[in-house]
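[1] Coordinates for the following, if possible.
(2 chains)
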Amino acid sequence: MTDILLSLAINFFKIGTFSIGGGYAIITLIEDLLVNQYHWLTLKEYTDIITISQLTPGPLAINSSSFVGLKIGGFIGAVIATISCTISGFIISLGGYIFFCCHRSNAVIMSVLHGLKSVATGLIGSAGAGILLLSITGHNELSTDSSKFDIWALSIAAVSLFLLRQYKINSVWLLALSATIGILIY
Amino acid sequence: MQQTNIFYRLFWLFKANIIISCLAVGGGYMIIPLIKKQFIDKKQAFSFDDLMEMSAVAQSAPGAIAINLAALTGHKIAGIPGAVISCIAAILPPLLIISAIASCYEQFIQNHYLNAAFKGMLAAIAAIIIDVVYDMVSNIAQNKDRLGLIMAAFIFAAAFIFNINAILLIIISLFFYTIVFHFIKKDKP
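    The predicted structure is shown next:
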């Protein structure tokens, strides 16, 4: 049992450390390690987890570590895998932010932080556009295939954006509302 | 917020992060608008500019942006204990939900109503993220940072249209910024 927990800890630490950039970039990284190398998951289970992690709250890395940990080492395994997966991001982002805050007077370091702000804006914008594309076409890459074009989803997105910008509507209400509309039309 | 008792702040962080984490459906990026709502709009705990700096660091560090950002906002409010409490609160909901549905997940993901509800929500999630990106772009524009705007547009195109790896983009733009800064400094002694 201890060697299982240890191996969970090491491998999820690896996933946590090498998954930079977030989102869908890390899907193949997790697949390589968990499906191809360790056979902790079948490919079917893994694609199911990707679906689950969209339907439930929480990032993919956390959801897969909880699921695999539970399967291999019970609830303790889930806790260990999840903590191992988050620890390096926790330390590095905290260290990085404290470093930036300590060097507010250093112009070069501040310009780097400035640059990172633009990078984050671009990447988050790209993630948002990807989600929009996924909701109106069914896949999250640009393509000319317009057979699955979903006018309902586009309308929900457009109305939501209008409500958010114009009336600053609470996102919780917006989620509840769009879920209800989803049930009614699909 | 910063003037209140440390135990109150830790308790508030725990509560706020549980709520945020439960609502962060459809990937980690939902956390930025949710944090804006809880920390900035409701409590004025820090500025939007602070949130942008923290998001930039959380995005560039390894690991899930949702967890990293929870740690950074927690640290801002209540130091290292705040960061730890926030992280735990951010991890708990997904951990417990996955543990609860792991044995019956196939029925769960095949449930028609759940999928229909999610399809509706996904469109709203896209709108919520685009809304906060709009705020981020206006923040860069307000700082009269023309280079930053061009950079953000370039990164968007590179990531969205050309599918270029995020790590590569982060490294390239860091180099670019240090070099540009070097020349600007030479121009204006």
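[2] what bits of chain B have low per-residue confidence?
    Scanning chain B for pLDDT under 70 picks out B:185-189.
[3] touching chain A at all, the helix ranked longest in chain B?
    Longest helix in chain B, counting residues (DSSP state H): helix B:65-101. Yes: using C-beta under 8 Å from any C-beta of the partner chain, helix B:65-101 reaches chain A at B:65-69, B:71-72, B:75, B:80, B:83, B:87, B:91, B:93-95, B:97-99, B:101. For every residue, glycine as well, the C-beta is placed using N, CA and C.
[4] how close does the residue nearest to B:Lys76 when sequence neighbours are not counted sit to chain A?
    Excluding its sequence neighbours, the residue lying closest to B:Lys76 (C-beta to C-beta, 6 or more residues apart in numbering or on different chains) is B:Phe46, at 5.7 Å. Here B:Phe46 is placed at a distance of 12 Å from chain A (C-beta to the nearest C-beta, to the nearest Å).
[5] For B:Phe46, which three-state class applies?
    coil (DSSP: H, G, I helix; E, B strand; the rest coil).
[6] Flag the helix or strand of chain A with the lowest per-element mean pLDDT.
    Of all helical and strand segments in chain A, the minimum by mean pLDDT, DSSP states H and E falls on helix A:27-31, at a mean of 83.
[7] so the helix or strand following that one versus helix B:65-101, what angle?
    Once helix A:27-31 ends, the next helix or strand along the chain (criterion: DSSP states H and E) is helix A:43-55. For helix A:43-55 against helix B:65-101, the angle by axes from the mean of the first three to the mean of the last three C-alpha atoms, to 10 degrees is 110 degrees.
[8] Then A:Val119 would be within a strand, right?
    No: looking at A:Val119 with three-state DSSP, it is helix, so not inside a strand.
[9] Using the three-state scheme, assign A:Ile83.
    Secondary structure for A:Ile83, judged by three-state DSSP, is helix.
[10] quick one, what contacts it?
    B:Ile91 (C-beta atoms under 8 Å, 6 or more residues apart in numbering or on different chains).
[11] Quick check, pLDDT for it.
    The score at A:Ile83 is 95. That number is its pLDDT.
[12] Could you check how far it is from B:Leu168?
    29 Å (C-beta to C-beta, to the nearest Å).
[13] what's the answer for B:Ile19, then?
    To B:Leu168, B:Ile19 is 35 Å away according to C-beta to C-beta.
[14] Can you pick out the residue with more neighbours from the two?
    Neighbour count, other C-beta atoms under 10 Å in any protein chain shown: between B:Ile19 and B:Leu168, B:Ile19 has more, with 16 against 12.
[15] show me what contacts the residue lying closest to the more buried one once chain neighbours are set aside?
    Nearest non-adjacent residue to B:Ile19, counting by C-beta to C-beta, 6+ apart: B:Gln38, 6.9 Å away. Counting by C-beta under 8 Å, 6+ apart, B:Gln38 makes contact with B:16, B:19-20.
[16] how close does B:Gln38 sit to B:Ala16?
    B:Gln38 sits 5 Å away from B:Ala16 when distances are taken as C-beta to C-beta.
[17] CA-only coordinates of stretch B:125-142, as CSV, when you get a sec.
    Provided in CSV are the C-alpha atoms of stretch B:125-142 (Å, rounded to 0.1, in the frame of the first residue of the first chain):
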residue,chain,number,x,y,z
ILE,B,125,-19.5,30.3,-19.3
ALA,B,126,-18.0,31.5,-22.6
ALA,B,127,-19.8,34.8,-22.2
ILE,B,128,-18.6,35.2,-18.5
ILE,B,129,-15.0,34.6,-19.5
ILE,B,130,-15.2,36.9,-22.5
ASP,B,131,-16.7,39.6,-20.2
VAL,B,132,-13.7,39.4,-17.8
VAL,B,133,-11.3,39.4,-20.7
TYR,B,134,-12.9,42.6,-21.8
ASP,B,135,-12.2,44.1,-18.4
MET,B,136,-8.6,42.9,-18.6
VAL,B,137,-8.1,44.5,-22.1
SER,B,138,-9.6,47.8,-20.8
ASN,B,139,-7.2,47.6,-17.9
ILE,B,140,-4.2,47.3,-20.2
ALA,B,141,-5.6,50.1,-22.4
GLN,B,142,-6.2,52.4,-19.4
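[18] Mind pulling up the pLDDT for A:Gly21?
    Listed pLDDT for A:Gly21 reads 69.
[19] Please disregard the earlier target; I meant A:Val172.
    So, for A:Val172, pLDDT stands at 87.
[20] residue contacts, it?
    Going by C-beta under 8 Å, 6+ apart, A:Val172 touches B:Leu23.
[21] Pull out the buried residues from the helix or strand encompassing it.
    Assigned by DSSP H and E, A:Val172 belongs to helix A:171-185. By 16 or more other C-beta atoms under 10 Å in any protein chain shown, the buried positions in helix A:171-185 come out as A:171, A:174-175, A:177-179, A:181-183.
[22] and if you look at stretch B:98-106?
    Residues of stretch B:98-106 classed as buried by neighbour count (16+ other C-beta under 10 Å): B:98-99, B:101-102, B:105.
[23] And those, which is closest to chain A?
    Set against chain A, the nearest of the buried residues of stretch B:98-106 by C-beta to the nearest C-beta is B:Ile98 (3.9 Å).
[24] separation between the closest one and A:Gly58?
    Taking C-beta to C-beta as the measure, B:Ile98 falls 8 Å from A:Gly58.
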